[in-house]
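*Asks:* prediction below, plus the sequence it came from.
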Amino acid sequence: MSFEDLEPRHVDGDALKALLREDLDSYAVVDLQARIEALEGEIRRARQAIEAKSSQRNAADALFSFKGSGAS
């Protein structure tokens, strides 16, 4: 079992699907720019979460790795 197995899974993705289907024609340019800024912020947040999870996993792997320690 890995750390990723313990993480809750978002299997439905309804919010993302709704976002992708939304009609953008009714938005003003300023609204579209604000939307882009918000989405770019969410992308940064997701990347930070990935980086944090990767760092945690790497730390755990290093802690529990006995390669080269002489242990058999």
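*Replies:* Cool, got the structure. Numbering: from 1, shown residues only.
*Asks:* residues contacting residue 38?
*Replies:* Contact partners of residue 38, counting by Cβ atoms under 8 Å, 6 or more residues apart in numbering, are absent. Glycine gets a C-beta too; all of them are placed from N, C-alpha and C.
*Asks:* is it in a helix, a strand, or coil?
*Replies:* Of the three states, residue 38 takes helix under DSSP: H, G, I helix; E, B strand; the rest coil.
*Asks:* okay, it: pLDDT?
*Replies:* Listed pLDDT for residue 38 reads 96.
*Asks:* so which helix or strand takes in the residue nearest to the spatial centre of the chain?
*Replies:* Geometric centre of the chain, nearest residue: residue 46, 3.6 Å, by Cα atoms, centre = their mean. Assigned by DSSP states H and E, residue 46 belongs to helix 29-64.
*Asks:* may I see the buried residues of that helix?
*Replies:* Buried residues in helix 29-64, counted by 16 or more other Cβ atoms under 10 Å: none are found.
*Asks:* quick check: the gap between the residue nearest to the centre of the chain and residue 22.
*Replies:* 19 Å (Cβ to Cβ, to the nearest Å).
*Asks:* residue 12 now?
*Replies:* 17 Å.
*Asks:* those two: which has the busier surroundings?
*Replies:* residue 22 (11 against 8; other Cβ atoms under 10 Å).
*Asks:* pLDDT value on that one, please?
*Replies:* 95.
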